[in-house]
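*Asks:* Take a look and give me a structure for this.
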Amino acid sequence: MSDIKKKINLSQYRLEKAKETYLTAFDNLAGSKYLDANNRAYYSIFHSMRALLALDGVDFKRHSGVISYFREKYIKTNIFDDKYSDIIGKASVIRGKSDYEDFYIASKDEAIEQVDNAKIFYEAVADYIKNHIAEYTR
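*Replies:* Predicted coordinates for the structure are as follows:
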């Protein structure tokens, strides 16, 4: 299998993982599991970013490396609007609080915003990847 085909397959796998994680976030939100919805929304965003990195042939062991690369390659170059950087930042902070702070109470409104942002992020990345793969396969 060619190198480009491997990158495309990995990217599509990670994008599917992002979608499944988003759907879990949505289900958690519907079930009033706001901490879990925040966590899954963050991971949907994270897997979306890693789907793009797969096309670039890049990966990192730490979340901060993935985020930093995405911002450098895709935000600073205006491939994606600055609002996506804001979505990443807020999701990361809220996921940290939801996962690690004792007695943190996640609100319904906060979880709704996180799940909505995960969908927005996923859809933007999925559209970009679809178009990018089309360019590869021409």
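*Asks:* rest of the way, CA atoms for contacts and neighbours
*Replies:* Fine.
*Asks:* which secondary structure element contains the spatially most central residue of the chain?
*Replies:* Closest residue to the average C-alpha location of the chain: residue 45 at 1.4 Å, with C-alpha atoms, centre = their mean. Using DSSP states H and E, residue 45 maps to helix 34-56.
*Asks:* Quick check: buried residues in that helix?
*Replies:* Under the neighbour-count criterion of 16 or more other C-alpha atoms under 10 Å, helix 34-56 has 34-55 buried.
*Asks:* got it, and stretch 128-138?
*Replies:* Using 16+ other C-alpha under 10 Å as the test for burial, stretch 128-138 gives 129, 133.
*Asks:* now stretch 104-118
*Replies:* For stretch 104-118, the buried set under the neighbour-count rule, 16+ other C-alpha under 10 Å, comprises 106, 108, 111, 112, 113, 114, 115, 116, 117, 118.
*Asks:* Stretch 15-27 too?
*Replies:* In stretch 15-27, residues buried by neighbour count (16+ other C-alpha under 10 Å) are 15, 16, 17, 18, 19, 21, 22, 23, 24, 25, 26, 27.
*Asks:* So which residues make contact with stretch 25-33?
*Replies:* 34, 36, 37, 38, 39, 40, 41, 108, 111, 112, 115 (C-alpha atoms under 8 Å, 6 or more residues apart in numbering).
*Asks:* picking up where we left off before, can you pull the alpha-carbon coordinates of the helix or strand just after the helix holding residue 45 into PDB?
*Replies:* Stepping forward along the backbone from helix 34-56, the first helix or strand reached (DSSP H and E) is helix 63-70. Coordinates of each C-alpha in helix 63-70 appear next as PDB, following Å, rounded to 0.1, in the frame of the first residue of the first chain:
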ATOM      1  CA  HIS A  63      -2.200  16.400  23.600                       C
ATOM      2  CA  SER A  64      -0.300  19.700  23.800                       C
ATOM      3  CA  GLY A  65       1.800  18.700  20.800                       C
ATOM      4  CA  VAL A  66      -1.300  17.900  18.700                       C
ATOM      5  CA  ILE A  67      -2.900  21.100  19.700                       C
ATOM      6  CA  SER A  68       0.200  23.200  19.100                       C
ATOM      7  CA  TYR A  69       0.800  21.600  15.700                       C
ATOM      8  CA  PHE A  70      -2.800  22.100  14.600                       C
END
